[in-house]
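1. Okay, here's the prediction I keep looking at, along with the sequence it came from:
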Amino acid sequence: MIKRLSFAVMIALPAVAAVAQAPMPAPTYVMKAGAGDQYEIQSSRLLLTSTKNTKLRSFATMMVADHTKSTADVKAAAIRAGLHPAPPKLDVMGAKNVAALRMTTGTARDRLYVEQQKAAHQRALVLHQAYAQSGTVTPLKTTAASIAPVVETHISELSTM
């Protein structure tokens with residue numbers, strides 16, 4: 001039984017590895033980057049309406065500015081590559097996260113915002129690093145490579161909260 005299972009795993013691993021290394025299509029990268037930015041912008045604007053925490057207020061202001069810029073950068077790169085990107089919109093997870101923030105208030109909202117930001121920035125870092133490494137559209141690869149260090153800075157800031 002164990003031999004059969006081991007043999008099955010050995011056969012399946014190359015297929016799994018091939019799927020894991022398949023480059024993400026450029027339109028998918030643009031859509032995911034835009035959705036992530038929209039979450040960052042909308043959640044940060046919402047937090048700015050209520051937080052009394054000066055450190056969070058400063059961070060949220062930076063999120064709005066930096067993610068507005070990255071949205072513009074990805075759009076410009078997509079256009080240079082001959083793509084016609086749709087305006088970015090929240091994905092399902094982003095919409096749920098913003099809705100959860102709307103349902104909380106005060107320091108509970110502050111804590112939830114930080115928790116969500118940590119998870120969202122980890123996903124963003126993986127997205128941008130992966131596209132920078134294995135994407136197929138040069139202007140988008142270059143843009144992804146320039147966004148990843150900014151996301152790393154955000155993660156560093158979040159680690160102090």
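-> Alright, I've got the coordinates. Numbering: from 1, shown residues only.
2. Past the helix or strand hosting residue 31, which element shows up next along the chain?
-> Here residue 31 sits within helix 26-48, counting by DSSP states H and E. Using DSSP H and E, the next helix or strand after helix 26-48 towards the C-terminus is helix 54-80.
3. Counting by contacts, list what that next one packs against.
-> The contact analysis (3 or more CB pairs under 8 Å, 6 or more residues apart in numbering; DSSP states H and E) places helix 54-80 against helix 26-48, helix 106-134, helix 138-158. For the C-beta atoms, the positions are set from N, CA and C on the backbone; glycine is no exception.
4. Now for the residue most central in space within the chain: which residues touch it?
-> The centroid of the chain falls nearest to residue 124 when counting by CA atoms, centre = their mean (2.6 Å). Contact analysis of residue 124 by CB atoms under 8 Å, 6 or more residues apart in numbering lists 33, 36, 40, 151.
5. low pLDDT regions in this structure?
-> Scanning the chain for pLDDT under 70 picks out 1-21.
6. now the end-to-end length of stretch 125-142.
-> Counting by CA to CA, to the nearest Å, you get 14 Å between the two ends of stretch 125-142.
7. correction: stretch 131-141
-> One end of stretch 131-141 to the other measures 6 Å (CA to CA).
8. quick one on the thing from earlier: scan the contacts of residue 124 and report the most crowded one.
-> Neighbour counts for the contacts of residue 124 (other CB atoms under 10 Å) peak at residue 33, which has 28 neighbours.
9. Can you report how many residues neighbour the closest residue to residue 50 other than its chain neighbours?
-> Here the nearest residue to residue 50 in space, its sequence neighbours aside, is residue 109; by CB to CB, 6 or more residues apart in numbering that works out to 6.0 Å. Residues within reach of residue 109, counting by other CB under 10 Å, total 21.
10. what's the spacing between residue 109 and residue 55?
-> Separation of residue 109 from residue 55 (CB to CB, to the nearest Å) stands at 15 Å.
11. just residue 79 next, same as before
-> Taking CB to CB, one finds residue 79 at 36 Å from residue 55.
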